[in-house]
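Mind looking at a prediction? Sequence and model below.
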Amino acid sequence: MRPAFKNNLLRRFVWIGAVRCATIGTQTFGQSPGRNAEDFIMRRSTRRGFTLIEILTVVIILGILAALVVPKMTGFMSDATTSAARSQLSAVRGQIEMYKLRHGGVTPLASGANGTDELWNAMTTPDGGQQPLLQRTPVLPNGYTWFYDGSRLFVDYAGPDTMLVAEAPTW
């Protein structure tokens, strides 16, 4: 219910925030004619912020959207690392073929834990005044490792995806 002025001739002072409105009867000074102080006070006090229901609705909607988007992003990251490993393998295999052309079909010997120590050394050092075939030793994404048997370069995968464990050596 609206608070009513008991006497229209009674002078009242209404404080709203830092603004003081002097009212005489239903006429409010400082506002447009036709509005009275009761309307201004009621409108001002009824809507001060968001209700708990509105805030919970927004939080629930954001939670649902996050639940839909996060799994899709995880799948994209897995595909990106697989693609990066395949791309690295293809590029290095191409550089090994260039090494074979420069050296009459001979490839570096396999040495080291994964057989790649001599391979990376031969590929990253300048040979006969020519630029090295690789600027630096290639790095694979986490979970992937190089394996070189002296004639062919392979990639091994030791991660949680069992399909990739079986598939990666066949690339």
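In hand now; what should we look at? Numbers count the residues shown, from 1 in each chain.

what residue ranges in the chain score low on pLDDT?
Counting by pLDDT under 70, the chain contains low-confidence ranges at 1-47.

Any idea which residue is closest to the centre of this protein?
The geometric centre of the chain, computed from its C-alpha atoms, lies nearest to Met73 (Cα atoms, centre = their mean), at 8.2 Å.

immediately after the helix or strand that contains it, which helix or strand?
Taking DSSP states H and E as the definition, one finds Met73 inside helix 52-102. Of the helices and strands lying after helix 52-102 in sequence (DSSP H and E), the nearest is helix 117-124.

what separates that following helix from the chain centre, distance-wise?
Counting by Cα atoms, centre = their mean, to the nearest Å, helix 117-124 is centred 36 Å from the centre of its parent chain.

Give me the contacts around that helix.
For helix 117-124, contacts defined as Cβ atoms under 8 Å, 6 or more residues apart in numbering pick out 92, 95-96, 99, 107-112, 132-137, 148, 153. Backbone N, C-alpha and C define where each C-beta goes, glycine included.

hmm, which of the residues you listed are the buried ones?
Burial by neighbour count, judged by 16 or more other Cβ atoms under 10 Å, picks out Val92, Gln95, Ile96, Tyr99, Thr107, Pro108, Ala110, Leu133, Leu134, Tyr148, Leu153 from the contacts of helix 117-124.

got the angle for the helix holding Met73 vs helix 117-124?
Orientation note: helix 52-102 sits at an angle of 80 degrees relative to helix 117-124 (axes from the mean of the first three to the mean of the last three Cα atoms, to 10 degrees).

which helices and strands does helix 52-102 pack with?
Secondary structure elements in contact with helix 52-102, counted by 3 or more Cβ pairs under 8 Å, 6 or more residues apart in numbering; DSSP states H and E, are helix 117-124, strand 153-157.

Please state the offset of that helix from the chain centre?
Using Cα atoms, centre = their mean, the mean C-alpha position of helix 52-102 is found 10 Å from that of the whole chain.

cool, and stretch 126-136?
The chain centroid and the centroid of stretch 126-136 are separated by 38 Å under Cα atoms, centre = their mean.

Next, the distance between the ends of that stretch.
Stretch 126-136 has an end-to-end distance of 12 Å (Cα to Cα, to the nearest Å).

And stretch 155-168, by the same measure?
For stretch 155-168, the first-to-last residue distance is 6 Å (Cα to Cα).
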